[in-house]
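Peer 1: Need the 3D shape of this:
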Amino acid sequence: MPQLTFLRRVFSRRTYLYFLSISTFLCCAVFSFLAYIVLFHHVLPMRRAYWLETDYQRAMRDANQQEKVASRLAVGSRPRRRIQPLIHDVPPLHAWNAGHTRVYSEWLGLNRDGTGSFVRKGPEYWIYLGGTAREKSREEEQDPTVFTHRYRKPTCADPPYICDMYNTAFNRISERWHNAFGYQTMAFGTTKPLLRYADCDISPQFCSSRHWGLGSTPVLLVHLKVSDPCDFSMNMRGRCTGTWRFIALPMLKAPWTRQIRISLDKGGSTVVPAFPNAEEQMWSLMAQSGALDGLQYMKHSNDSFSRNSIVTVEPVENDKPRVSTPFGLVSWAVFRDFVDNPLKYPEWLKEAVIKCYVERWADIFTRWWDGVEDVVRPRSCEGVEEERARAKDAREAFIQSEMRRRDQLEARMKARDRAVADDGSMGRRGAEFLK
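Peer 2: As a prediction, the model looks like this:
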């Protein structure tokens, strides 16, 4: 039957071609979808955040240098028409640096995997997330005290008066904090909280990115504490447990009640409960011991810390940390650790050159897609290995200085304890002598 043989060959060939066409189409569709997700949901937002943050840091550095030069030349009072930060006299937190600044992990004492560093264990941190809620008017855009940028967008989800009110309140708290208890420290019991803040208009990746940041929108107050248990199996600096507490502002329910006295129409006065204002809410929470334990915390959901939540990052021996709930900062830290050590080696062949060209191609695509030739400036990859070597030496020097600082702090604490013990024993001896 030659006819049947011919038909079988035709149909089998058609089936093969049909299957091949469908498979090719599906592969192209999946590849296109993954490329779209990677480019438009990760690469572009990251590079936009990078250029926004680094340009802001350079602008602040130039403004500070101009201010120092003006003060040395004694040309008058400090210039007022300069770029002003959102919060004064408090270190800002950034996801990227401009070569002369620190990123958030260095300011908060965090390891590359998101756990806390043993050498920075002890101090607590109060982190304020702020931003603006309104578009800049024409007068504000021409105001030299306001930093303007193509990629800057308002990030505060509350009405403008609430955003401005809490920004002003934290500035006042910063002044009270420094004046009353010394720069960046307070002493309540054994804790010494340090103040930090993040301007989410400037640092969108650190604040609102669900995959790589805090996953939050202003206004918000965050408390971080690094404590035991610690692990030394993967890091000479030690990996300790980090506890993050997210407190939504305005607070719907405070752990305390404010009372005020009001006058009565018939004469006299009475005391009635009143809801605290923005400054009183944050100050009472930050300054009063045990206030954090009096809050009601909700379980994290939908990749957003819009309500009071607690996230715990615990070290695991010879493994990545265990997180109580999905946390973007830990995901970003694990991703960066994998990129730096994909084969579990400290360095791989031509690592700096490969990373540089990937970054360069990403910037070229970002500049072409956004049409911002004056904003995105792809770097040159010449001499990148020498630059990496210098950065490595600086990082090792920083780690050694942190270890020495920790040892000096422990030595001072032991000396103080011995002095207190000696004073107590001398007091008892004096009392016995008088008897």
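Peer 1: Mind listing the strands the longest strand along the chain pairs with, and their directions?
Peer 2: Longest strand in the chain, counting residues (DSSP state E): strand 220-231. Applying DSSP bridges, strand 220-231 is found paired with strand 124-130 (antiparallel), strand 239-248 (antiparallel).
Peer 1: contacting residues around the shortest one?
Peer 2: In this structure, residues lying in contact with strand 124-130 by Cβ atoms under 8 Å, 6 or more residues apart in numbering are 86-87, 90, 93, 108, 156, 163, 166-167, 170, 191-200, 207, 214, 216-225, 282, 286. (Glycine included, C-beta is placed from N, CA and C.)
Peer 1: tell me the mean pLDDT for it?
Peer 2: For strand 124-130, mean pLDDT is 93.
Peer 1: Roughly how far does Lys355 sit from Arg172?
Peer 2: Relative to Arg172, Lys355 is positioned 43 Å away (Cβ to Cβ, to the nearest Å).
Peer 1: follow-up on the earlier one: among the contacts of strand 124-130, which ones are buried?
Peer 2: The neighbour count (16 or more other Cβ atoms under 10 Å) marks 86-87, 90, 93, 108, 156, 163, 166-167, 170, 193-200, 207, 214, 216-225, 282, 286 as buried among the contacts of strand 124-130.
Peer 1: Contacts for the longest strand of the chain, please.
Peer 2: 108-109, 116-118, 120-129, 193, 214, 216, 238-249, 282, 285-286, 292, 305, 314-317.
Peer 1: What's the ChimeraX line that selects buried ones from those?
Peer 2: Selection of the buried residues among the contacts of strand 220-231 in ChimeraX, burial being defined by 16+ other Cβ under 10 Å:
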select :108,109,116,117,118,120,121,122,123,124,125,126,127,128,129,193,214,216,238,239,240,241,242,243,244,245,246,247,248,249,282,285,286,292,305,314,315
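Peer 1: How about the contacts made by the closest residue to Arg367 other than its chain neighbours?
Peer 2: With Cβ to Cβ, 6 or more residues apart in numbering as the criterion, Arg367 has its nearest non-adjacent residue at 3.9 Å, and that residue is Val376. Neighbour list for Val376: Arg47, Trp51, Asp363, Thr366, Arg367, Asp370 [criterion: Cβ under 8 Å, 6+ apart].
Peer 1: a strand runs through the fourth one, doesn't it?
Peer 2: The one in question is Thr366. No - Thr366: not assigned to a strand; according to DSSP: H, G, I helix; E, B strand; the rest coil it is helix.
Peer 1: List the residues that contact the nearest residue to it once chain neighbours are set aside.
Peer 2: Leaving aside its chain neighbours, Thr366 sits nearest to Arg47 (4.5 Å; criterion: Cβ to Cβ, 6+ apart). Neighbouring residues of Arg47 by Cβ under 8 Å, 6+ apart: Ala362, Asp363, Thr366, Val376.
Peer 1: tell me which residues of the host helix or strand of Gln65 are tucked away?
Peer 2: Assigned by DSSP states H and E, Gln65 falls within helix 44-72. Using 16+ other Cβ under 10 Å as the test for burial, helix 44-72 gives 44-57, 59-60, 63.
Peer 1: Could I get the full set of helices for the protein?
Peer 2: Using DSSP state H, the helices of the chain run over 2-38, 44-72, 104-108, 138-141, 160-181, 204-207, 278-287, 328-340, 351-370, 384-434.
Peer 1: angle of the last one against helix 351-370?
Peer 2: Just to be clear, that refers to helix 384-434. Compare the direction of helix 384-434 with that of helix 351-370 by axes from the mean of the first three to the mean of the last three Cα atoms, to 10 degrees and you get 110 degrees.
Peer 1: quick one: least confident helix or strand in this protein?
Peer 2: In the chain, no helix or strand scores lower on mean pLDDT, DSSP states H and E than helix 138-141, which sits at a mean of 52.
Peer 1: Name the nearest residue to Arg58, sequence neighbours excluded.
Peer 2: Distances taken as Cβ to Cβ, 6+ apart place Ala98 nearest to Arg58, at 5.4 Å, with adjacent residues excluded.
Peer 1: need the contact list for that neighbour.
Peer 2: Glu53, Thr54, Gln57, Arg58, Arg61.
Peer 1: just to revisit the earlier point, the inter-axis angle of the longest strand of the chain versus helix 160-181?
Peer 2: 50 degrees.
Peer 1: shaky segments in the stretch 101-250 of the chain?
Peer 2: Low-confidence segments of the stretch 101-250 of the chain (pLDDT under 70): 135-143, 179-192, 209-210.
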